[in-house]
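Visitor: The amino acid sequence is not available; the structure is as follows:
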DNA sequence: TTCATGTGTAATAAAATTATTACACATGAA
DNA sequence: TTCATGTGTAATAATTTTATTACACATGAA
């Protein structure tokens, strides 16, 4: 039974959930984004400036963070009347152990046509 | 100061070390490999059969696990005299927190030529 | 109206990852 | 000698990821 591997709002169940998280954490830009959001929420354009990448590229990266549910977004209308999309970091804390990975692997079935036909 | 995020032989320091680990854990085949090695060490050909992939492909995947230092290898001569390469899972346990990621991000500098020149 | 700033995405290029195929070579047993 | 099993890698193909460029559209202020 998989449980007790996380703290916070993140509720990972299937191995795909974990892989999404690992994948999300496997790029410097995305760690940078997390670092910035750890200080507080930020809207898209400003976030892109802080990370020092273009907005389209930011969207690409943050999409992975959203898929992994490490961040959430909310649209707001600023005082000046502009639409602003804010991203915020989710509360999480997960523990990676051999036992956890072993449990996850039980559900993984690799089906490959080729079996090293030397 | 980054510390206390791991248990076991794994000693992660720089953010690149962590990214290597996350990257290593971001593919089903590699989780499967870890799951199998969690039961005990295994030699290359048998490991490939157990995972159900070709040997060349196994090498590709396990290389990432080795880079992340999640597995180690050792050559041995079997009783029958054949050279066998055994892979074993390292002892590890790491805790991923917002605080850790925030610290890691401090060392990440993104240098991109383009800044969304809309 | 024009400018600065915000939103979002489609199309493409570049680079990296993943997967396959085909080799070479060694040993023990039949 | 031939077969089964082990080792390892080079070359290529297929796919995905990452990055760039060029759009479109909205609002408030000058």
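Guide: On my side now, so go ahead. Here the structure is a predicted model, which is why all the values come from computation and not from measurement.
Visitor: Would you confirm that residue A:95 belongs to a strand?
Guide: Yes - when the secondary structure is assigned by DSSP: H, G, I helix; E, B strand; the rest coil, residue A:95 falls within a strand.
Visitor: And the pLDDT at it?
Guide: Predicted confidence (pLDDT) at residue A:95: the value is 93.
Visitor: any idea how far it lies from residue A:12?
Guide: When Cβ to Cβ, to the nearest Å is applied, the distance between residue A:95 and residue A:12 equals 11 Å. Using the backbone N, CA and C atoms, a C-beta is placed for each residue, glycine as well.
Visitor: Which of the two has more residues huddled nearby?
Guide: Under the neighbour definition other Cβ atoms under 10 Å in any protein chain shown, residue A:95 and residue A:12 were set side by side, and residue A:12 has more, 21 against 16.
Visitor: Which pLDDT does the model give the more buried one?
Guide: Reading off the per-residue confidence, residue A:12 sits at a pLDDT of 93.
Visitor: right, and residue A:75 touches residue A:87 too?
Guide: No - at 10.9 Å, residue A:75 does not count as touching residue A:87 under the criterion of Cβ atoms under 8 Å.
Visitor: Those two: which is more packed in?
Guide: With other Cβ under 10 Å as the criterion, residue A:75 and residue A:87 differ in neighbour count, and residue A:87 comes out ahead with 20 against 9.
Visitor: ranges for the helices of chain A?
Guide: A:15-24, A:28-37, A:44-51, A:55-67, A:98-106 (DSSP state H).
Visitor: Which of those helices sits closest to DNA strand D?
Guide: Minimum separation from DNA strand D across the helices of chain A (Cβ to the nearest atom of the strand) falls at helix A:55-67, 3.3 Å.
Visitor: tell me which residues in that closest one are buried?
Guide: Counting neighbours by 16 or more other Cβ atoms under 10 Å in any protein chain shown, one finds that the buried residues in helix A:55-67 are A:57, A:58, A:61, A:62, A:64, A:65, A:66.
Visitor: Next: stretch A:89-102.
Guide: Across stretch A:89-102, burial judged by 16+ other Cβ under 10 Å covers A:89, A:90, A:92, A:94, A:95, A:96, A:97, A:98, A:100, A:101, A:102.
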